[in-house]
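Chemist: Just a sequence and a predicted model for now, questions to come.
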Amino acid sequence: MTYAFASSAGVANLPALEQLIGDINDLQSKLILLVGRSGKTRLLRALARRLKVEPLNVGVTLGRRLAVTPVSNRGFATTELLRELTDNVGGNSPLLLDNLEVLFEPSLKVNPLNVTRLLAHSRRVIAVWPGELRNDRLTYAGMGHPEHRDYSRDGIVVFETAQRP
């Protein structure tokens, strides 16, 4: 199923995001992507304050672990390292993820959306999507860019944040 919720009020629409988090418990994938041109991290941080949990900066935490992993093993290790980093974060609260850009590094040879989805099979995950939603497609980087990705949003719960005019 595909869900989309538009939030033109940014953080003011935190209650709508909290309601959505409660509603996804019965879905197979418990992943919500915060998508939009602005306000995503601000909304995630407001949610973190409300839930009294820290969002995980994937770029910093996973980047540190990958830096000490041999280059030839990084692709294989990425998913396992991310799972290790997130297993004990937040207890029963949703896992809040920001700065996913490191997952798009071509040398890792991982599918960033699938890596994030895997985390959401056993717990609720709210992640800031670093790209855009265009014509029902989740994109990251422009065509021709080595990190370019393009995914269907089918089966993905999307919460759209405020759009710039």
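Modeler: Looks like it came in fine.
Chemist: low-scoring stretches of this protein, by residue?
Modeler: 1-12, 162-165 (pLDDT under 70).
Chemist: Please enumerate the helices of it.
Modeler: Remark: helices assigned in the chain by DSSP state H are 14-23, 40-51, 58-67, 74-86, 112-119.
Chemist: Dump those into JSON lines; add distance to L33 as well.
Modeler: Quick note: C-beta positions are derived from backbone N, CA and C, even for glycine. Shown next, in JSON lines, are the helices of the chain (distance: least, C-beta to C-beta, whole Å):
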{"stretch": "helix 14-23", "distance to L33": "11"}
{"stretch": "helix 40-51", "distance to L33": "9"}
{"stretch": "helix 58-67", "distance to L33": "14"}
{"stretch": "helix 74-86", "distance to L33": "16"}
{"stretch": "helix 112-119", "distance to L33": "8"}
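Chemist: Spatially central, which residue of the chain would that be?
Modeler: Centroid check for the chain by C-alpha atoms, centre = their mean gives A127 as the closest residue, at 2.5 Å.
Chemist: Now for the closest residue to that residue other than its chain neighbours: which residues touch it?
Modeler: Once flanking residues are discounted, A127 sits nearest to L97: 4.0 Å by C-beta to C-beta, 6 or more residues apart in numbering. With contacts defined as C-beta atoms under 8 Å, 6 or more residues apart in numbering, L97 is in contact with P55, L56, V58, T86, T116, L119, V125, I126, A127, V128.
Chemist: Noted, bye for now.
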